[in-house]
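S.K.: Kindly return the folded structure for what I paste below:
(chains A, B, C, D, E and F)
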6 protein chains.
Amino acid sequence: MHDLFQTPWNFLGLPEKVSTPSNSRGWLLPIPYESTTSYGAGTRDGAAAIIAASRQVELYDREFAGEPAMDYGIHTMLPLNPVHHSPDAMVRAIEDAVAELLSGTPRPEVLGVLGGEHSISAGVVRGLARAQTSKSLVAVHVDAHADMREEYEGSPYSHACAAKRILEVCPIFQIGIRNLSSEEAAFLRGRRDVRTVFSEEAADPKGRFLQDLAQFVRNKRVFLTVDLDGLDPSIMPAVGTPEPGGISWERMLEIARTVCASAASVPVFDVVELAPIPALRAPDFLAAKLVYKLFSYILAKSAKGTRRRNRHGRD
Amino acid sequence: MHDLFQTPWNFLGLPEKVSTPSNSRGWLLPIPYESTTSYGAGTRDGAAAIIAASRQVELYDREFAGEPAMDYGIHTMLPLNPVHHSPDAMVRAIEDAVAELLSGTPRPEVLGVLGGEHSISAGVVRGLARAQTSKSLVAVHVDAHADMREEYEGSPYSHACAAKRILEVCPIFQIGIRNLSSEEAAFLRGRRDVRTVFSEEAADPKGRFLQDLAQFVRNKRVFLTVDLDGLDPSIMPAVGTPEPGGISWERMLEIARTVCASAASVPVFDVVELAPIPALRAPDFLAAKLVYKLFSYILAKSAKGTRRRNRHGRD
Amino acid sequence: MHDLFQTPWNFLGLPEKVSTPSNSRGWLLPIPYESTTSYGAGTRDGAAAIIAASRQVELYDREFAGEPAMDYGIHTMLPLNPVHHSPDAMVRAIEDAVAELLSGTPRPEVLGVLGGEHSISAGVVRGLARAQTSKSLVAVHVDAHADMREEYEGSPYSHACAAKRILEVCPIFQIGIRNLSSEEAAFLRGRRDVRTVFSEEAADPKGRFLQDLAQFVRNKRVFLTVDLDGLDPSIMPAVGTPEPGGISWERMLEIARTVCASAASVPVFDVVELAPIPALRAPDFLAAKLVYKLFSYILAKSAKGTRRRNRHGRD
Amino acid sequence: MHDLFQTPWNFLGLPEKVSTPSNSRGWLLPIPYESTTSYGAGTRDGAAAIIAASRQVELYDREFAGEPAMDYGIHTMLPLNPVHHSPDAMVRAIEDAVAELLSGTPRPEVLGVLGGEHSISAGVVRGLARAQTSKSLVAVHVDAHADMREEYEGSPYSHACAAKRILEVCPIFQIGIRNLSSEEAAFLRGRRDVRTVFSEEAADPKGRFLQDLAQFVRNKRVFLTVDLDGLDPSIMPAVGTPEPGGISWERMLEIARTVCASAASVPVFDVVELAPIPALRAPDFLAAKLVYKLFSYILAKSAKGTRRRNRHGRD
Amino acid sequence: MHDLFQTPWNFLGLPEKVSTPSNSRGWLLPIPYESTTSYGAGTRDGAAAIIAASRQVELYDREFAGEPAMDYGIHTMLPLNPVHHSPDAMVRAIEDAVAELLSGTPRPEVLGVLGGEHSISAGVVRGLARAQTSKSLVAVHVDAHADMREEYEGSPYSHACAAKRILEVCPIFQIGIRNLSSEEAAFLRGRRDVRTVFSEEAADPKGRFLQDLAQFVRNKRVFLTVDLDGLDPSIMPAVGTPEPGGISWERMLEIARTVCASAASVPVFDVVELAPIPALRAPDFLAAKLVYKLFSYILAKSAKGTRRRNRHGRD
Amino acid sequence: MHDLFQTPWNFLGLPEKVSTPSNSRGWLLPIPYESTTSYGAGTRDGAAAIIAASRQVELYDREFAGEPAMDYGIHTMLPLNPVHHSPDAMVRAIEDAVAELLSGTPRPEVLGVLGGEHSISAGVVRGLARAQTSKSLVAVHVDAHADMREEYEGSPYSHACAAKRILEVCPIFQIGIRNLSSEEAAFLRGRRDVRTVFSEEAADPKGRFLQDLAQFVRNKRVFLTVDLDGLDPSIMPAVGTPEPGGISWERMLEIARTVCASAASVPVFDVVELAPIPALRAPDFLAAKLVYKLFSYILAKSAKGTRRRNRHGRD
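M.R.: Numbers count the residues shown, from 1 in each chain, chains lettered A, B, ... in the order given. Next up is the predicted model:
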């Protein structure tokens, strides 16, 4: 049977019955904010590109032997309007919006946020910390850059300060880092609230750091923030500063599975810094697939145990 | 005052009160169909690019000294799904959809259609002819190509046959033509149901053909079909075969004003063949502005008389 | 010595003595057909891009310690004209053309076909089945998608149904699959005429599935169909839906070597779905090199045994 | 004679003797600031693109029958660093820098500023007003947009408010405007300190508004601010919102000549909003040529009278 | 009727009966040479892009009320191989090739040459001068640049010296010039063998210089050399240095008509400096159309008188 | 603290105190020469793109636990002007420039050269051989192509002959080769002055060839020439002929470390053949990072021993 009209312009092109607020356990909030990026502009178009690409992503996921989104539902929200009064004001607006969303009725079980530049994460994590206080919060941070600057180009809310702002809220576990400044290197030395897995360690075939990661998130509420430049430029060139030596697609999924399987909960994640390259859709598509995987790892947990076993070979 | 969330993803980014079906006198139907194009692919992305660009178009229009869309409303429909069984089947699907839309409740006073390739116009005009029979129908056709082939690349529903298919439904007035085949030249000789204004005549500074055009549409229901390659490549390079020597923006508006001012009604128009060029937004923006102008010329008619007078100089 | 004029515009830029029909054991047929693609248009330009890039491919191949094409010859045919009456009609036209080519005089020992979209393979395999009946036929299918839909967007001849149409002709061995629908997953369960090597298995360093593959093609005539999106997006981004987690260049060659070494014959192969990205020539170049390798693995077989031994190190 | 090394990377590729601060009557300050742009990002790369293109601009100018820059000299400064604390802070930083530059020793006779986005003009005009107080100041403003909003997307320093901020400093003469909001239209009605030449009037072949313009600047110090989207998209597509119906190259030069010939002085001008399109160099080149013309009209005034006479035909 | 295979990959996609050497009065020689270009590389791809685009150009030409190429025939030659020993050697190779072609059997009545960069014209005109000596030779030169440098970047055969090298062979009439150096300006003063129509004169609506042009070519053999950057960047952005203020499409045709109608013969023309912009096909298409027009103006002369009369309106 | 103006436009954006000739142990010479490239133009823009990207490279390098460039200093020279008289003349100009630079006062301890096309290396190595004669010289050559042709397209100084020209000066160790001609294969057989590590050997996980490499450079002065197409197209698509099966980023660094640790000295290196792809910055960035690494491996040697130990994990 062939439908006369296309599905609504939402993430994955989901039909209405699994995309209204009340029918959806996952909500997706685009924040197409770009203001402090210094090189390789374009993150403001990232969220829209991810949603456009997601419409080509197959709903069926072999890892779950089904169409998980048809079970849990994803509601795609209207994008948050940029506030250009100042990065500070924008971060506050995001904090308010996120806190309100997580406390409202209906509200999402999981809120996915699409950037826009990484500076939005400061607002996201603050909103989360304000709205939910039951369990202690930790952050897992995939990135090529430490993002631990106190201030950059005159603003404490630059994308280059994202992790520093998050660290003011909760401990952080960084993966894939391969670029940092003297100041950041000095700052990281001896910090007990930051664990930095540099890119060589992140690429270790055995993935030994994944155990530390599991330990780090155990019994915690987790905020997962993925700066896409953490991935290798061969599969993710569409970022502002594509650093060679990054994380592979398979490793990225292992990280996500580890976090979602071990954490008490992952109420909020964001995927940021996609700066789409005209005519090169592979990065957009990969990002869309990653967002779907993240929702599924969190919301379709129970199914995974049985399904993962026979992932190799025919289902 | 600054809104927290962006307006819905519709044409012009209109708020809900002037974009629901029942609140809107104009409806906009995207048909992202591309199948028979022989060169310069990309028309399937045209409708989406026009809608994206339209969100940057100012609602205020000096020619109307106001925000006409806030008065008449435009409802952006979900895109029609392509049917790839055959071009024939697609044209029938369009015919059915258009006929149904024009006879339904609520229904649009004016239906704008966004291509996709020009072959869709065959379905659009047939649907219109079926739904409304009160007045005799004529077509006004802006294009670089005569589109009068009986068949092309094995299909009578190729984009190169668009005008021929329309001509089977009603007489046609073509403007801007500067490319045709021997076969088409022979066919056009002596036809009384086709008036072809070639590009040189269309560029005549005095615009003498506009009187003929006014005469042609007088007391008629008009189907206006704009193949964007009728415009000059300097302002509209984003088409499959950009022919030098085309229509200027100012002349295009004069044509539109003439049709809308003289016709009994213009219940349906389409704007087709935009093949967006990555990173070149000017053509998308121009097309969006043209679509808004067309809606306004038809739906905000009464206001024009008084306003056009002081169009030059300050309002 | 420097030639005054360039070589003819054929695959590899071969001189006439090894590129006329009668001098060439391999023929190459471009079918620049694109009609049912839903996203990421551009496959109609794929064949031309492969031929353009091939002119930069070195004739000398270390694996064969010589210039194999200078021995067996490749005749580049004029492209098949698209038929836009319907995908059905196009598939029939391809079937007729292929059947006729394989039965004509002179005729190719190996026919390589360049897409265009994957839907052409239905016609290619039918033409092959019709022309040659001596040995039982099987298909080897490299792809990211199962392509086992019965119908897609209204057509049984969509690119998303390519493998299903092939399966109507002969058994199929799929490699690299990492995207399928619920319907396809259900269909594949328990089928004895389809072997699906999913992407994880295809990436297995030991390549254990290659033994199954050798077994599958033994004593068979093989139709090899390569949808380039089976390769990893890091090396092949120029496809409509670039799925992360694909096949590497080295593995692709192992697959090709296995098929060509074990099969009774490989009379026809196709390489489809290249959608060239302006200014990104690496994918075109890789595809051209793959096509040359395929011709050589089939037509320069005898040489391989001795040569492959000392592939590592200096020749 | 052929130089071993290229000229320094400055505007026009000038040799050192006419490009050091003390040898140059004209200084050029790039301000690659982009923060509040809502659509069509890229203005941060505009200044660099203009300088790159300028190196291809011929030093010889027929209108001056010589190489005027070799007489007056142009010193290209290092770009101003963006301040991302807030648009407000950035505007203040610009104001300070400009004021200081104009009062320093050595100091430029004419300061040209390259954007970046239009919001920088608020800082530029304030800096000028602070540094020089002898004559009354007026602004001439070429643009497609009125830019008369009080605030936009939460900031009074948005690019959409540029003219409003300038108007707080001095009267303004706007040319080429073809896009404004209801609010702006209302604001402009009856204002005595703004003269708005809409696009139709700006395109008038006789250019009657040029007399008003001459009158407006007579005996005044002029700040000339050119938003490149005032030009027609056919020659200037590389802007965020390319509005059809813009100013031609010839008219732009007439405006510049009129201002420079009639004003008491033009101590500062800016050229803003170039958002370079990869691979499309014509807009960058045009902008570079415009900047050179502006410097020459101001600094090589005396030569013009005699030379302009025989501009047509051979020199 | 629909052909199974596409036409050969030649200019206009002509069938064999009007594209073999002996059947064709016009021959087309691509010279994809690029070596001395200083900015905006890409002219080596120009000839191929023109041929690709030409396949979309309609054979029927209203100005001739027929398909002139089907009468006179055009043979597309294999491209001349670049010689990279030195520009000097390349120019000699071109001279030899052109002289030989024009003296061979069969030989073209008209030889069209496609660049590559403008430096090739030195070889072309020398070859012509050597092969044919009956009538005195003159050159008509459309360009934005005077190209009258004695040497540029160390080579007398730079594209910036093209006209100077031609002038060593015959007098020259330049049209559209708007960029020259001091040295060139000095050189041009008082030269009797050069007539330079600067861009303002070239744009004169009355086109008064056309009479001089007719006079200049009367009873002469003409070498017509068109550097595409002579055209306005709005219609021809795909050149290395796109200078604003260029020639319109209509004026370009008037120039061509004037030359072809008044000259004794136009045995050779070239069209050079197209540097195709990926995804922007309008310039390629315009260049292809221009080449077809040039062939027709020269080879289908007789038809024009009667046909041009009723060019406006229906045929 | 925030600087008002940006750093000078030099490699890494270094402040003056570590970028003047006398303060810098490393000098960087851009040679934006492109003349003989046959496909995939654009290497003339490579040097500028590397410098632009380098400004985003972090000065801090974890491998050195510091900001090595702040210790040794890098002086970015003005680019060498192309000489278009002939490739031969250009090579001589480069030889002279390099010899003079290495013998001048002040002079660089290490000279890095940025291409441009690979043909420049012939001049670079000759200049080096002329200037320094103390130790025997060897070359290490990373490339996809053997570049051992005697002549190509009429020139012995084609980029396809780069290694052959180097071999006339000193023995050569080639790594990553995967494309060569019959002629080159024959030439290489039995040569004692060339060691060719083909791509399969270069990809060997254990990297056994690295010992041979260490042996080859021991006690030698080394000229290191990196043709970026030696790297895998997945990370380095921005080259003329991107051959699949190339060197990874990690392996490239191992090669560089081996050479710099074992050689007596590495007075000169070049990095050539970057042909930037508009909007794809990852390759430019990787090249910039490689250049910085090369300078550091050579000039910050002593620091490495201690630092490399704790490269994994936190510093």
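S.K.: And whichever residue of chain A sits closest to chain E, what's its pLDDT?
M.R.: In chain A, the residue that lies nearest chain E is residue A:279 (7.4 Å; CB to the nearest CB). For glycine as for every other residue, the C-beta is placed from the backbone atoms N, C-alpha and C. Note on residue A:279: pLDDT of 83.
S.K.: dump the residue contacts of it.
M.R.: Residues in contact with residue A:279, defined by CB atoms under 8 Å, 6 or more residues apart in numbering or on different chains, are B:278, C:277, C:278, E:279.
S.K.: 10 Å instead?
M.R.: Taking CB atoms under 10 Å, 6 or more residues apart in numbering or on different chains, we find residue A:279 in contact with B:277-279, C:40, C:42, C:237-238, C:275-280, E:278-279, F:279.
S.K.: Can you pick out the ones from those that are in helices?
M.R.: Among these, none falls in helices (DSSP state H).
S.K.: State the pair within these that is farthest apart.
M.R.: Spanning the widest gap among these are B:277 and C:237, at 19.2 Å by CB to CB.
S.K.: how many neighbours does the residue of the stretch 151-300 of chain A found nearest chain B have?
M.R.: Here the residue of the stretch 151-300 of chain A nearest chain B is residue A:278; by CB to the nearest CB that distance is 3.1 Å. Residue A:278 has 20 neighbouring residues, counting by other CB atoms under 10 Å in any protein chain shown.
S.K.: and if you look at residue A:58?
M.R.: So residue A:58, with other CB under 10 Å, has 21 neighbours.
S.K.: Okay, it and residue C:182: tell me how far apart.
M.R.: Separation of residue A:58 from residue C:182 (CB to CB, to the nearest Å): 9 Å.
S.K.: Please apply the same query to residue A:15.
M.R.: Relative to residue C:182, residue A:15 is positioned 14 Å away (CB to CB).
S.K.: How is residue A:222 assigned, secondary-structure-wise?
M.R.: With DSSP: H, G, I helix; E, B strand; the rest coil as the basis, residue A:222 sits in strand.
S.K.: for the stretch 151-300 of chain A, which spans come out with low pLDDT?
M.R.: Applying pLDDT under 70 to the stretch 151-300 of chain A flags no residue at all.
S.K.: In it, what residue spans correspond to helices?
M.R.: Remark: helices assigned in the stretch 151-300 of chain A by DSSP state H, counting those that start in this stretch are A:162-167, A:182-188, A:199-203, A:209-217, A:249-262, A:282-299.
S.K.: Mean neighbour count and distance to chain B added to those helices, as CSV?
M.R.: Below are these laid out as CSV (neighbours: other CB atoms under 10 Å in any protein chain shown; distance: least, CB to the nearest CB, whole Å):
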stretch, mean neighbour count, distance to chain B
helix A:162-167, 26, 21
helix A:182-188, 17, 34
helix A:199-203, 20, 31
helix A:209-217, 17, 31
helix A:249-262, 20, 25
helix A:282-299, 25, 13
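S.K.: Make TSV from the ones you listed and add distance to residue F:210 to it.
M.R.: Formatted as TSV, the helices of the stretch 151-300 of chain A follow (distance: least, CB to CB, whole Å):
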stretch	distance to residue F:210
helix A:162-167	36
helix A:182-188	29
helix A:199-203	18
helix A:209-217	27
helix A:249-262	26
helix A:282-299	33
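S.K.: How about the residues of chain A by chain B?
M.R.: Within chain A, the residues that sit near chain B (CB under 10 Å from any CB of the partner chain) are A:2-10, A:29-30, A:32, A:45, A:48, A:51-52, A:76-85, A:89, A:93, A:96-97, A:100, A:276-280.
S.K.: Now with 7 Å, please.
M.R.: Contacts of chain A with chain B, taken as CB under 7 Å from any CB of the partner chain, map to A:2-6, A:8-9, A:78-81, A:83, A:97, A:278-279.
S.K.: Pull out the buried members of those residues.
M.R.: With neighbours counted by 16 or more other CB atoms under 10 Å in any protein chain shown, the residues of chain A next to chain B contain buried members at A:6, A:9, A:79, A:80, A:81, A:83, A:97, A:278, A:279.
S.K.: can you give me phi and psi for the second one?
M.R.: Main-chain dihedrals, residue A:9, degrees, to the nearest 10: phi -80, psi 70.
S.K.: quick revisit: could you double-check that the residue of the stretch 151-300 of chain A closest to chain B sits in contact with residue B:280?
M.R.: No: proximity of residue A:278 to residue B:280 does not meet the contact threshold set by CB atoms under 7 Å, at 9.2 Å.
S.K.: Let me see the ranges of the strands in chain A.
M.R.: Along chain A, counting by DSSP state E, strands occupy A:26-30, A:74-76, A:110-114, A:137-142, A:172-177, A:194-198, A:221-227, A:265-272.
S.K.: which residues sit against the longest one?
M.R.: When you say that, I think you mean strand A:265-272. The contact list for strand A:265-272 (CB atoms under 7 Å, 6 or more residues apart in numbering or on different chains) reads A:102, A:110-118, A:120-121, A:124, A:128, A:132, A:221-228, A:259-260, A:287, A:290-291, A:294, A:298.
S.K.: just checking, residue A:114 touches residue A:30?
M.R.: Yes: at 4.7 Å, residue A:114 counts as touching residue A:30 under the criterion of CB under 7 Å.
S.K.: so what's in contact with these two at the same time?
M.R.: The contact sets of residue A:114 and residue A:30 overlap at residue A:47 (CB under 7 Å, 6+ apart).
S.K.: Fine by me, thanks again.
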